[in-house]
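Participant: below are the sequence and a predicted model; questions follow.
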Amino acid sequence: AQSVAQPEDQVNVAEGNPLTVKCTYSVSGNPYLFWYVQYPNRGLQFLLKYITGDNLVKGSYGFEAEFNKSQTSFHLKKPSALVSDSALYFCAVRDMTGNNRLAFGKGNQVVVIP
Amino acid sequence: GAGVSQSPSNKVTEKGKDVELRCDPISGHTALYWYRQSLGQGLEFLIYFQGNSAPDKSGLPSDRFSAERTGGSVSTLTIQRTQQEDSAVYLCASSSDRGVYGYTFGSGTRLTVV
């Protein structure tokens, strides 16, 4: 079964500094990979996805993520963090076989310090 | 509708009571998913509906939990004889493509069992 690991509970970063949120995955075959963001008292919002093609994927709000097959990673990055980026970030994976559900990591709380 | 709608947004119930949570997916989306989000636990898959196929119930934690989807649209998640450990945010999502390109989530129902 597919699974996702987000090793850090919380990521603290100063406003204007680069932001990285780590994600590694386990899946049979090739993965579909996703990042979602959750603001307080809201549902999850889609940020970006990797299905195939270029390993560097660009998404909403200036975020990007790099698919690394050899390291089974899909880390989320933003060159310059904003205070408004403070939220809960979830990585998710789906395999390409018959299992049609996404497996989510436990989430990372990002705190951007003014 | 324009998005996935869930109701109620908040529900406080007494231990032992039954509750029903409603999800109205995006019109035309054939797939509907229920997840549970507990503090510090990430998203736990509960159940998945795809068109007229039999639902994937493999994530339901006990026989007190059930769900149905009427007419391929609205879904109701029912929890019987609620327990305090059922307290969580219940998230519904829908997709048009078996989730290949990701899901659209509702804002969730926060259930508190007292």
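Facilitator: Received the coordinates, thanks. All figures in this text were calculated on a predicted structure; none of them were measured in a lab.
Participant: residue A:3: neighbour count?
Facilitator: Counted with other Cβ atoms under 10 Å in any protein chain shown, the neighbours of residue A:3 add up to 12. Glycine gets a C-beta too; all of them are placed from N, C-alpha and C.
Participant: and if you look at residue A:87?
Facilitator: Other residues within reach of residue A:87, judged by other Cβ under 10 Å, total 19.
Participant: was I right about it contacting residue A:36?
Facilitator: No: with contact defined as Cβ atoms under 8 Å, residue A:87 does not count as touching residue A:36 (9.9 Å).
Participant: contacts only, for residue 22.
Facilitator: Going with chain A. Residue A:22 sits next to A:6, A:7, A:8, A:73, A:75, A:108 when contact means Cβ atoms under 8 Å, 6 or more residues apart in numbering or on different chains.
Participant: wrong chain, I was asking about chain B
Facilitator: B:6, B:7, B:74, B:75, B:76.
Participant: bridged to it, which residues?
Facilitator: Applying DSSP bridges to residue B:22 yields these beta-bridge partners: residue B:7, residue B:76.
Participant: give me the distance between it and residue B:16.
Facilitator: Taking Cβ to Cβ, to the nearest Å as the measure, residue B:22 falls 21 Å from residue B:16.
Participant: quick one: low-confidence ranges for the chain?
Facilitator: Reading this off chain A. Scanning chain A for pLDDT under 70 picks out the ranges A:96-99.
Participant: sorry, I should have been clearer: chain B.
Facilitator: B:1, B:98-99.
Participant: where along it do the strands fall?
Facilitator: Along chain B, counting by DSSP state E, strands occupy B:5-7, B:10-13, B:19-24, B:31-38, B:42-50, B:65-69, B:75-79, B:88-95, B:104-105, B:109-113.
Participant: TSV for those, including distance to residue A:31?
Facilitator: Output for the strands of chain B, formatted as TSV (distance: least, Cβ to Cβ, whole Å):
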stretch	distance to residue A:31
strand B:5-7	28
strand B:10-13	35
strand B:19-24	27
strand B:31-38	18
strand B:42-50	17
strand B:65-69	27
strand B:75-79	27
strand B:88-95	17
strand B:104-105	20
strand B:109-113	30
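Participant: wait, which of the ones you listed is closest to residue A:26?
Facilitator: Residue A:26 sits nearest to strand B:42-50 of all the strands of chain B, at 14.9 Å, using Cβ to Cβ.
Participant: quick one, strands of chain A?
Facilitator: Secondary structure of chain A by DSSP E: the strands cover A:3-5, A:10-14, A:19-21, A:24-26, A:31-38, A:44-50, A:56-58, A:64-68, A:73-78, A:87-95, A:103-104, A:108-113.
Participant: got CSV for the contacts of residue B:22, with neighbour count too?
Facilitator: CSV is the format used below for those (neighbours: other Cβ atoms under 10 Å in any protein chain shown):
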residue, neighbour count
B:6, 25
B:7, 14
B:74, 14
B:75, 23
B:76, 13
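Participant: go through these and name the one nearest chain A.
Facilitator: Within the contacts of residue B:22, proximity to chain A (Cβ to the nearest Cβ) peaks at residue B:6, which comes in at 8.0 Å.
Participant: so which bits of chain B are right by chain A?
Facilitator: Selection of chain B residues close to chain A by Cβ under 8 Å from any Cβ of the partner chain yields B:4, B:6, B:31, B:33, B:35, B:40-43, B:45, B:48, B:50, B:56, B:91, B:93, B:98-108.
Participant: what subset of those is buried?
Facilitator: B:4, B:6, B:31, B:33, B:35, B:42-43, B:45, B:48, B:50, B:56, B:91, B:93, B:99, B:102-108 (16 or more other Cβ atoms under 10 Å in any protein chain shown).
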